[in-house]
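**Student:** I'd like to go over a predicted model; first the sequence, then the structure.
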Amino acid sequence: MSSPNEPTGQAPQYPWANPSGASSPDSAAAKERPSYGLPDPNAAQQPAPAPETAAAQRSLPEADQFMPLRPLGLGDILGCGIRFSRVKPKVIFGVSLVFYTFAFLVATIVTSFTSQRYFASTFSPTTGIDSNEIVPDGTFEYLIGSLSSGVVTGIVTILLSVAITPLVHAAVTGRELKFEAAIASVRKHTWQVFLLMVLYFAAIVAVPVLIGSLFVGLGFLLREYTAAIVVIGILGALASLFGLLFVFTRFLFSPYALVLENLSAVAAMKRSWQLTSGRAFWRILGISLLTMIIYSLLQQVLTILPSIVAGITAAILVLAFPGHPVMLGIIMTAMIMLVAFFVVALTQPLLTASYIALFYDTKIRREGYDVQLQQELHESRS
């Protein structure tokens, strides 16, 4: 028996060295086996990867990126809106002010025509409200005008989302933000956007109404039981609210998919429904609601001081011109709407940027979208 240290009389066979130059079964088998940790003689013969390919396969540095190209956390999504406001504020807020200035003008004109009777009966010092009247004269027209203004604001908000989406994508991929790109996005998708709005508003209204109707019918069947009606009413209100949030969440990504993936309105809604399915629904619902609450609180804070100034100005006008109730009502309403629209114009682009970041995050988690974003970012930098 020979010891491990004694020579065996046979030359060792290595896959990378054969002094005789002849191949043997052992050497052929060795060539087929992987030689982990050992140098590969053919490595020098293999061409090095192209710089573009190598750069696209690596994670690019995040220090100078608008958004980290990986699954995002809550802080990343919320911070996206703040960073977006610093990229090119003149373009971002310029686009927003254009859209909301149009909304303000339309809302003011509608209010001026629909609320004159209401202002005459409310702000006139000589015309009192009849004790037999439940509401002031002209209240119905005033509510119609307010509802119309709300619809106009909703339409403008969706149009702004379509305009802001290419700007956010340009920021993420390292490209220049251009005012023309925002306007071109709206022009390109105008009819699909209006169809999307019709379908979206129909779903927003129909689902809660249908759920509420079911509970109303159940309450009608149990109308003899007061306690049951109260419980059914509470459950119906909660179910209708959840139905509203359900529709909002499932179609949240529709405008962004319509623009970034160049889809039709129906295809964009299907795409949003697909991305928000499964367990992702609850995460998207929670983050989107929290984001909306934060920006709503920010809007309330920003409107405090301007609202106080508007209130003092309105009081001075009432004392100075007591005989012009309609004019006073229109001026006061216009001042309040001006403050509201200005604050929304400042905050809505940031909220939209956070929602688009959530859209990217969902695509990254489901489809590995960060690879494509890295490639686009590298192309823009090279």
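**Tutor:** Perfect, thanks for sending it. Numbers count the residues shown, from 1 in each chain.

**Student:** which element is residue 177 on?
**Tutor:** Counting by DSSP states H and E, residue 177 is held by no secondary-structure element, helix or strand.

**Student:** torsion angles phi and psi at it?
**Tutor:** The phi/psi pair for residue 177 (degrees, to the nearest 10) reads phi -90, psi 130.

**Student:** for it, give me its contacts.
**Tutor:** Taking CB atoms under 8 Å, 6 or more residues apart in numbering, we find residue 177 in contact with 87-88, 91-92, 167, 170-171. Placement of C-beta: from N, CA and C, glycine included.

**Student:** tell me the contacts of residue 65?
**Tutor:** In this structure, residue 65 makes contact with 174, 377, judged by CB under 8 Å, 6+ apart.

**Student:** could I get the pLDDT score of it?
**Tutor:** The predicted structure scores residue 65 at 70 on the pLDDT scale.

**Student:** now, which of the contacts of residue 177 lie within helices?
**Tutor:** Within the contacts of residue 177, membership in helices is found for 87, 91-92, 167, 170-171, as judged by DSSP state H.

**Student:** can you redo those residues as TSV with pLDDT, distance to residue 326 and neighbour count?
**Tutor:** Compiled in TSV, those are given as follows (pLDDT from 0 to 100; distance: CB to CB, whole Å; neighbours: other CB atoms under 10 Å):
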residue	pLDDT	distance to residue 326	neighbour count
87	86	45	16
91	91	40	18
92	92	38	26
167	94	41	27
170	92	47	21
171	91	46	23
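
**Student:** among those residues, which one lies nearest to residue 193?
**Tutor:** Top of the list for closeness to residue 193, among the ones in helices among the contacts of residue 177 and by CB to CB, is residue 167 at 16.2 Å.

**Student:** would you agree residue 244 is in contact with residue 206?
**Tutor:** No - under the criterion of CB atoms under 8 Å, residue 244 lies out of contact with residue 206, with a separation of 10.6 Å.

**Student:** who's more crowded, these two?
**Tutor:** Residue environment comparison for residue 244 versus residue 206 gives the larger neighbour count to residue 244, 17 against 12, counting by other CB atoms under 10 Å.

**Student:** doesn't the more buried one fall inside a helix?
**Tutor:** Yes - note on residue 244: a helix contains this position according to DSSP: H, G, I helix; E, B strand; the rest coil.

**Student:** state the number of residues packed around the nearest residue to it once chain neighbours are set aside.
**Tutor:** Using CB to CB, 6 or more residues apart in numbering and skipping residues adjacent in sequence, the residue nearest residue 244 is residue 208, 4.8 Å away. When neighbours are counted by other CB under 10 Å, residue 208 registers 21.

**Student:** what helix or strand is residue 208 on?
**Tutor:** Secondary structure assigned from DSSP H and E places residue 208 in helix 190-221.

**Student:** centre of the chain to that helix, how far?
**Tutor:** Put simply, helix 190-221 sits 21 Å off its chain's centre (CA atoms, centre = their mean, to the nearest Å).

**Student:** can you list the weak-confidence ranges in the stretch 151-300 of the chain?
**Tutor:** Filtered on pLDDT under 70, the stretch 151-300 of the chain yields the residue ranges 223-224.

**Student:** let's see 50
**Tutor:** Segments of the stretch 151-300 of the chain classed as low confidence (criterion: pLDDT under 50) are not present in this model.

**Student:** check residue 336 and give its pLDDT.
**Tutor:** Residue 336 carries a pLDDT score of 83 in this model.

**Student:** scratch that, residue 322
**Tutor:** Looking at residue 322, its pLDDT reads 67.

**Student:** which residues of this protein fall in helices?
**Tutor:** With helices called from DSSP H, the chain shows them at 25-32, 51-57, 74-87, 89-114, 116-123, 139-172, 179-188, 190-221, 226-250, 254-260, 265-275, 280-320, 325-367, 369-381.

**Student:** now those helices as CSV including distance to residue 66?
**Tutor:** Putting those into CSV (distance: least, CB to CB, whole Å) gives the following:
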stretch, distance to residue 66
helix 25-32, 49
helix 51-57, 18
helix 74-87, 6
helix 89-114, 12
helix 116-123, 47
helix 139-172, 4
helix 179-188, 16
helix 190-221, 25
helix 226-250, 25
helix 254-260, 15
helix 265-275, 21
helix 280-320, 17
helix 325-367, 9
helix 369-381, 9
